[in-house]
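Visitor: Sequence and predicted model, in that order:
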Number of protein chains: 2
Amino acid sequence: MSPVLTQRKIASAAVTLIQSRGYRALTMSALAEQLGVSASALYNHVGSKRDIMILIQDRVNQDIDCSAFESEPWDVALDQWARSYRGVYIRNIPLIPVMAVLPVANSPHTLRMYEKVATGLTRAGWPEPWVVNTIVAVESLVFGSAYDAVAPENIFDPGELSDIAPVFSAAVAHRDLLLDSVPGDDAADAPEVPRAPSPADVAFDVGLRSLLAGFRLALDALHDRAAAD
Amino acid sequence: MSPVLTQRKIASAAVTLIQSRGYRALTMSALAEQLGVSASALYNHVGSKRDIMILIQDRVNQDIDCSAFESEPWDVALDQWARSYRGVYIRNIPLIPVMAVLPVANSPHTLRMYEKVATGLTRAGWPEPWVVNTIVAVESLVFGSAYDAVAPENIFDPGELSDIAPVFSAAVAHRDLLLDSVPGDDAADAPEVPRAPSPADVAFDVGLRSLLAGFRLALDALHDRAAAD
DNA sequence: ACCTGAACACCGTTCAAGT
DNA sequence: ACCTGAACACCGTTCAAGT
């Protein structure tokens, strides 16, 4: 018979709890209750709540879509990866501080994701020393944009202080004029129902497009320099 | 005579406390003790601990250097702003989740910062609807990169799992070959002592340069299109 | 109007005691 | 080896009582 508690079961219960009641409800007590066990029993299988967050993170990262690296050009693949990545972390905001500073050493699924991305970039001709930095830059934009996406819609409304910032206030008021051909933030697992793009989606789109355009220039420059030798 | 407690004094005491003992030590009790007052007294002037974080954030944002927007081309100014911004938030990581989702309405200094940036971009010919999205994209990269900067150095070390990810592991091992002409993460207030650039600094540099290169292309394209009319 | 002191409703974590 | 129940050491916040 299988043991009452395992890291696997704890992680599953945690994900279930989060999906039904959100991260705020993820306490050691609630998690133990969900598993029909006392809170202290959890500490026979994990060292801390942070360990549980790490288990969740490795599980959640499996939902990030890396498939494009097998078939598409590197920039298209990076674009799709980044959008899927952002979608996942918009739904898992409290994981961002964990994922962003977490050594990858004990997260097999996360490592598999990086392997796919690194392979795609390498095959496309990116020099080895650039690969990780390119990945990190995209991830940084993704994490920051995920935060922005969960901010209140009126985050830049200057309110009563618009006198202080007239130029900025006008720019905020006209921000929405850019909602033309921007893809919505449809998640990897719900492509049937693409929501209308929010201002945050537009900002991410602008940033990601520009970043990728810059990457293309950088890669071309690297190849030109290499060809000159 | 001035009152015993004000929002201003609370914010000052909080900043002092953080500088001497770090964010972990910022509790309502410790803050009250620093002010020679009981913890419950604080609630006569702020609604919650989050309110105090907001006060801190508006104060900390004054340290971000926006001066380049008055004299330099927009892309150079954006570059300097982003680097200073990142330096400040590397030292104030717990403010990131606050700042990223916080309505700007009651943060006068933050609003002044945005006004300088928006003015600089507008004067340089950026169309009004693009201004906020450009700012948000840079900020997103900055926040994500700040997290990356406080991660352990060996964050991408695959450890025992390097079999799973050979290509990625090789890329991680050769990541440091890019530390040539990258500026260190010297903060705005300590330019005398530029530390050697870390891998995180390099990744941010790569990302920011690429993002700005992409922005230049986008702006040129916008102007070309406008000129064709 | 504003401060005190006690209390409340939580947290994550530890540990002796059981089986 | 693993679980229970009680306890510990904190949190942020509330509120009657004082002045």
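Guide: Done, it's in. Note that the coordinates shown come from a computational prediction; the quantities given were computed from them, not determined experimentally. Residues are numbered from 1 along each chain as shown, chains lettered A, B, ... in the order given.

Visitor: helix or strand for A:Phe168, which one?
Guide: Here A:Phe168 is covered by helix A:166-173, with elements defined by DSSP states H and E.

Visitor: Just the buried residues of that helix, please?
Guide: For helix A:166-173, burial by neighbour count (16 or more other C-beta atoms under 10 Å in any protein chain shown) applies to A:Val167, A:Phe168, A:Ser169, A:Ala171, A:Val172, A:Ala173. (Glycine included, C-beta is placed from N, CA and C.)

Visitor: From the chain's centroid, how far away is the longest helix along chain A?
Guide: Across chain A, the helix with the greatest residue count (assigned by DSSP state H) is helix A:199-228. On the basis of C-alpha atoms, centre = their mean, to the nearest Å, helix A:199-228 sits 19 Å off its chain's mean C-alpha point.

Visitor: Buried ones in it, by neighbour count?
Guide: Neighbour-count burial for helix A:199-228, counted by 16+ other C-beta under 10 Å, picks out A:199-219.

Visitor: In TSV: the buried residues of helix A:166-173, plus pLDDT and distance to DNA strand D.
Guide: Formatted as TSV, these follow (pLDDT from 0 to 100; distance: C-beta to the nearest atom of the strand, whole Å):
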residue	pLDDT	distance to DNA strand D
A:Val167	97	35
A:Phe168	97	30
A:Ser169	97	30
A:Ala171	97	33
A:Val172	96	29
A:Ala173	95	33
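
Visitor: Which members of these additionally contact chain B?
Guide: Counting by C-beta under 8 Å from any C-beta of the partner chain, A:Val167, A:Phe168, A:Ala171, A:Val172 from those sit close to chain B.

Visitor: Tell me the secondary structure of the closest residue to the last one other than its chain neighbours, please.
Guide: Translated: A:Val172. Using C-beta to C-beta, 6 or more residues apart in numbering or on different chains and skipping the chain neighbours, the partner closest in space to A:Val172 is A:Phe156 (4.5 Å). Of the three states, A:Phe156 takes coil under DSSP: H, G, I helix; E, B strand; the rest coil.

Visitor: and A:Phe156, what does it touch?
Guide: Contact partners of A:Phe156, counting by C-beta atoms under 8 Å, 6 or more residues apart in numbering or on different chains, are A:Phe168, A:Val172, A:Arg175, B:Pro103, B:Val104, B:Tyr114, B:Val132.

Visitor: Output stretch A:203-214 as PDB, restricted to C-alpha atoms.
Guide: C-alpha atoms of stretch A:203-214 as PDB (Å, rounded to 0.1, in the frame of the first residue of the first chain):
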ATOM      1  CA  ALA A 203       2.400  46.900 -23.100                       C
ATOM      2  CA  PHE A 204       3.700  43.300 -22.900                       C
ATOM      3  CA  ASP A 205       3.200  42.900 -26.700                       C
ATOM      4  CA  VAL A 206       5.100  46.100 -27.400                       C
ATOM      5  CA  GLY A 207       7.900  45.100 -25.100                       C
ATOM      6  CA  LEU A 208       8.200  41.600 -26.300                       C
ATOM      7  CA  ARG A 209       8.100  42.600 -30.000                       C
ATOM      8  CA  SER A 210      10.800  45.200 -29.400                       C
ATOM      9  CA  LEU A 211      13.000  42.800 -27.400                       C
ATOM     10  CA  LEU A 212      12.800  40.200 -30.100                       C
ATOM     11  CA  ALA A 213      13.600  42.800 -32.800                       C
ATOM     12  CA  GLY A 214      16.600  43.800 -30.800                       C
END
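
Visitor: for chain A, which spans come out with low pLDDT?
Guide: Chain A contains residues with pLDDT under 70 at A:1-3, A:179-194, A:229.

Visitor: A:Val167 against B:Ala118, yeah?
Guide: Yes: under the criterion of C-beta atoms under 8 Å, A:Val167 makes contact with B:Ala118 at 4.8 Å.

Visitor: all helices of chain A, in order?
Guide: A:7-21, A:28-34, A:49-60, A:74-90, A:96-101, A:108-123, A:128-150, A:166-173, A:199-228.

Visitor: Need the winner for burial among the ones you listed.
Guide: Most buried of the helices of chain A by mean neighbour count (mean count of other C-beta atoms under 10 Å in any protein chain shown) is helix A:128-150; its value is a mean of 24.

Visitor: what's that one packed up against?
Guide: Applying 3 or more C-beta pairs under 8 Å, 6 or more residues apart in numbering or on different chains; DSSP states H and E, we find helix A:128-150 packed against helix A:74-90, helix A:96-101, helix A:108-123, helix A:199-228, helix B:96-101, helix B:128-149, helix B:166-173, helix B:199-228.

Visitor: Show me chain A divided up by domain.
Guide: A:7-60, A:65-153+A:198-228 (automatic domain parsing).

Visitor: check contacts around the nearest residue to A:Ala68 once chain neighbours are set aside.
Guide: Nearest non-adjacent residue to A:Ala68, counting by C-beta to C-beta, 6+ apart: A:Ala77, 3.8 Å away. By C-beta under 8 Å, 6+ apart, the contact list for A:Ala77 reads A:Cys66, A:Ala68, A:Phe69, A:Gly120.

Visitor: So the last one is in contact with A:Ser71, correct?
Guide: No: counting by C-beta under 8 Å, no contact exists between A:Gly120 and A:Ser71, whose distance comes to 9.7 Å.

Visitor: and of the contacts of A:Phe156, the nearest to DNA strand C?
Guide: B:Pro103 (24.6 Å; C-beta to the nearest atom of the strand).

Visitor: Could you report the neighbour count for the closest residue to that closest one other than its chain neighbours?
Guide: Leaving aside its sequence neighbours, B:Pro103 sits nearest to A:Ile155 (C-beta to C-beta, 6+ apart; 5.1 Å). Using other C-beta atoms under 10 Å in any protein chain shown, A:Ile155 has 17 other residues around it.

Visitor: how close does A:Ile155 get to A:Asn92?
Guide: 20 Å (C-beta to C-beta, to the nearest Å).

Visitor: residues in chain A within reach of DNA strand C, list them.
Guide: Proximity of chain A to DNA strand C (C-beta under 7 Å from any atom of the strand) is limited to residues A:Leu26, A:Thr27, A:Met28, A:Ser29, A:Ala30, A:Ala39, A:Ser40, A:Tyr43, A:Ser48, A:Lys49, A:Arg50.

Visitor: now, which of the residues you listed sits nearest chain B?
Guide: A:Arg50 (13.7 Å; C-beta to the nearest C-beta).

Visitor: residues contacting that closest one?
Guide: Residues near A:Arg50 by C-beta under 8 Å, 6+ apart: A:Val98.

Visitor: swap in the one 10 residues further on?
Guide: Contact analysis of A:Val60 by C-beta under 8 Å, 6+ apart lists A:Val15, A:Val88, A:Asn92, A:Leu95.

Visitor: How much space separates the residue nearest to A:Val136 when sequence neighbours are not counted from DNA strand D?
Guide: Spatial nearest neighbour of A:Val136, chain neighbours left out: B:Ala203 (3.8 Å); criterion: C-beta to C-beta, 6+ apart. Plainly put, B:Ala203 is 33 Å away from DNA strand D if you go by C-beta to the nearest atom of the strand, to the nearest Å.
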